[in-house]
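Asks: What shape does this take:
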Amino acid sequence: MTDLVFGSLIFLPGILKVLILGFFIWLFARGFYRKKLYAGTIWHPNLVDISVYFVSLYISHLIHLFIQGLQG
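Replies: Next up is the predicted model:
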C-alpha cells in the first residue's frame, strides 16, 4: 500500500485509508439495518455490528486494491 503524506507534519499509512473508508461504508450500511437490529429480534446486536464492520473493511480493502490496480 502506498503512504499518504500531507506536508511534513501528517503521515498516513495506506492501511489508514482502508480503515477510514471501511468506517464510512459501515456507517452507510448500518442505516439500513439499525431499526431491525435494536428491535429485539436479533440475539446479540453488538456481534452483528462488529461482523458488518469487518465485512465493510474487507470491501474497502478490495476497493483500495482495485483503485491501485487502475493507477499502476
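Asks: Would you map the helices across the protein?
Replies: Secondary structure of the chain (DSSP state H): helices located at 14-37, 45-71.
Asks: can you list the ones you listed in TSV and add mean pLDDT and mean neighbour count?
Replies: C-beta here means a position set from N, CA and C on the backbone, and glycine is covered the same way. Compiled in TSV, those are given as follows (pLDDT from 0 to 100; neighbours: other Cβ atoms under 10 Å):
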stretch	mean pLDDT	mean neighbour count
helix 14-37	91	14
helix 45-71	92	13
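Asks: middle-most residue in the chain, spatially?
Replies: Taking Cα atoms, centre = their mean, the centroid of the chain lies closest to residue 22, which sits 0.8 Å from it.
Asks: Could you pull up the residues touching residue 64?
Replies: 1, 14, 17, 18, 21 (Cβ atoms under 8 Å, 6 or more residues apart in numbering).
Asks: ok, now how distant is it from residue 46?
Replies: Taking Cβ to Cβ, to the nearest Å as the criterion, residue 64 is separated from residue 46 by 27 Å.
Asks: Restricting the selection to alpha carbons, write stretch 21-28 to PDB.
Replies: Taking only C-alpha atoms (Å, rounded to 0.1, in the frame of the first residue of the first chain), the coordinates of stretch 21-28 have been written out as PDB:
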ATOM      1  CA  LEU A  21     -13.200   4.100   4.000                       C
ATOM      2  CA  GLY A  22     -14.400   0.900   5.800                       C
ATOM      3  CA  PHE A  23     -15.800   3.000   8.700                       C
ATOM      4  CA  PHE A  24     -17.900   5.100   6.300                       C
ATOM      5  CA  ILE A  25     -19.100   2.100   4.400                       C
ATOM      6  CA  TRP A  26     -20.100   0.600   7.800                       C
ATOM      7  CA  LEU A  27     -22.000   3.800   8.800                       C
ATOM      8  CA  PHE A  28     -23.800   3.800   5.500                       C
END
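Asks: what does it rub up against?
Replies: The list of residues contacting stretch 21-28 from outside it, by Cβ under 8 Å, 6+ apart, reads 52, 53, 56, 57, 58, 59, 60, 61, 63, 64.
Asks: 10 Å instead, please
Replies: Outside of stretch 21-28, the residues that reach it under the criterion Cβ atoms under 10 Å, 6 or more residues apart in numbering are 49-50, 52-61, 63-64.
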